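S.K.: Predicted model and sequence below, questions to follow.
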Amino acid sequence: MYFMRKILDKGFDSIIHEDIYDFFNVLIEENHSSMTTVDNYRRILNSFYNYCVSNGLLYKNPILKISGLKKVKRVKMAFSNAEIVYLRENLNTLRDKAIFELLLSSGMRVGELVQLNHKDLNMNDCTVIVHGKGDKEREVFFNEWARINIARYLESRTDNNPALFVSLNSPYKRLGITGCETMLRNVGKRAGVNNVHPHRFRRHFATTMINKGVHIEQVQQLLGHAEIHPTQMYIV
């Protein structure tokens with residue numbers, strides 16, 4: 001699904017090797033796929049793109065820059081300071097501002113974000129309990145700017161839905177993953193920032209923490225990784 005959305009968003013002939021790196025990272029981190037499984041995807045995509053090139057559908061195969069999974073090194077794509085400013089300037093609603101700041105400062109998965117309820121928040125401590133893979137719970141921190149925007153959003157709500165984030169219009173149903181992804185993609189288009197999707201916020205958080213000197217095991221815990229390998233992908 002992730003790769004298909006990327007194709008629909010960018011266009012079939014615009015996929016580059018960095019998009020495929022992103023796809024591999026989602027398989028490893030979000031789906032907990034093994035290296036063998038991910039390398040099988042690489043082989044399948046390589047065959048597919050070779051077919052397209054041979055039949056004149058594409059000029060080049062983006063997989064050629066990826067010779068094997070063990071040689072793949074993740075391309076760091078944390079947001080620049082300027083990109084964050086541009087994105088903030090193009091957030092149109094209190095809800096979208098709250099989502100943006102929470103994702104940016106917490107590093108949680110989009111699937112975790114859309115499952116949040118009011119009761120999961122501790123606004124005094126700037127913490128939230130997220131429900132991760134395998135029904136595992138963990139405490140996640142968010143910053144003061146996220147707290148302010150969440151508070152403003154909640155104060156504007158007139159519905160009784162226990163969900164933390166809901167649709168903008170009545171009957172105010174819980175926001176889903178697709179809705180969140182679409183919102184962020186549209187913000188990116190308005191801001192002129194490429195590759196704006198929930199997983200990039202997670203990578204931005206991890207990269208920022210590591211660059212600040214936070215120990216990798218602590219970053220692993222904050223991200224909810226069962227193994228250390230996905231966390232190590234954020235280290236240059």
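M.R.: That came in fine, so what should we check first? Quick caveat: nothing in here was measured; it's all calculated off a predicted structure.

S.K.: Just give the closest residue to the residue positioned nearest the centre of the chain, not the sequence neighbours.
M.R.: For the chain, H199 is the residue whose C-alpha lies nearest the centre (C-alpha atoms, centre = their mean; 1.3 Å). Nearest non-adjacent residue to H199, counting by C-beta to C-beta, 6 or more residues apart in numbering: V26, 5.9 Å away. Heads up, the C-betas are built off the backbone N, CA and C, glycines and all.

S.K.: Check which helix or strand the one you found maps to.
M.R.: According to DSSP states H and E, V26 maps onto helix 17-29.

S.K.: State the next helix or strand along the chain beyond that helix.
M.R.: Sequence order places helix 35-54 as the next helix or strand after helix 17-29, per DSSP H and E.

S.K.: in that following helix, what counts as buried?
M.R.: V38, D39, Y41, R42, L45, N46, Y49, C52 (16 or more other C-beta atoms under 10 Å).

S.K.: For that helix, name the packing helices and strands.
M.R.: Under the contact definition 3 or more C-beta pairs under 8 Å, 6 or more residues apart in numbering; DSSP states H and E, helix 35-54 sits against helix 17-29.

S.K.: And the helix it packs on, what does it pack against?
M.R.: helix 2-10, helix 35-54, helix 198-211, helix 229-232.

S.K.: TSV please, covering those and showing mean pLDDT and distance to K65.
M.R.: Listed next are the helices and strands packed on helix 17-29 as TSV, based on pLDDT from 0 to 100; distance: least, C-beta to C-beta, whole Å:
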stretch	mean pLDDT	distance to K65
helix 2-10	61	17
helix 35-54	85	11
helix 198-211	86	20
helix 229-232	69	21
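
S.K.: where does this protein dip in pLDDT?
M.R.: 1-12, 29-30, 32, 67-77, 132-135, 229-236 (pLDDT under 70).

S.K.: so the residue nearest to the centre of the chain makes contact with F24?
M.R.: No. Here H199 does not reach F24: they are 11.7 Å apart, not a contact under C-beta atoms under 8 Å.

S.K.: quick one: contacts for Y153?
M.R.: Residues near Y153 by C-beta atoms under 8 Å, 6 or more residues apart in numbering: L94, R95, K97, A98.

S.K.: and after the helix or strand encompassing the second one, which helix or strand comes next?
M.R.: What that stands for is R95. Per DSSP H and E: R95 is located in helix 94-106. Next in sequence after helix 94-106, counting helices and strands by DSSP H and E, comes helix 110-113.

S.K.: ok, the following helix or strand past that following helix: who's next to it in the sheet?
M.R.: Where DSSP H and E defines the elements, the next helix or strand beyond helix 110-113 is strand 121-122. Strand 121-122 pairs in its sheet with strand 127-131 (antiparallel), by DSSP bridges.

S.K.: Would you mark the buried spots in the partner strand?
M.R.: Result for strand 127-131 [16+ other C-beta under 10 Å]: buried residues T127, V128, V130, H131.
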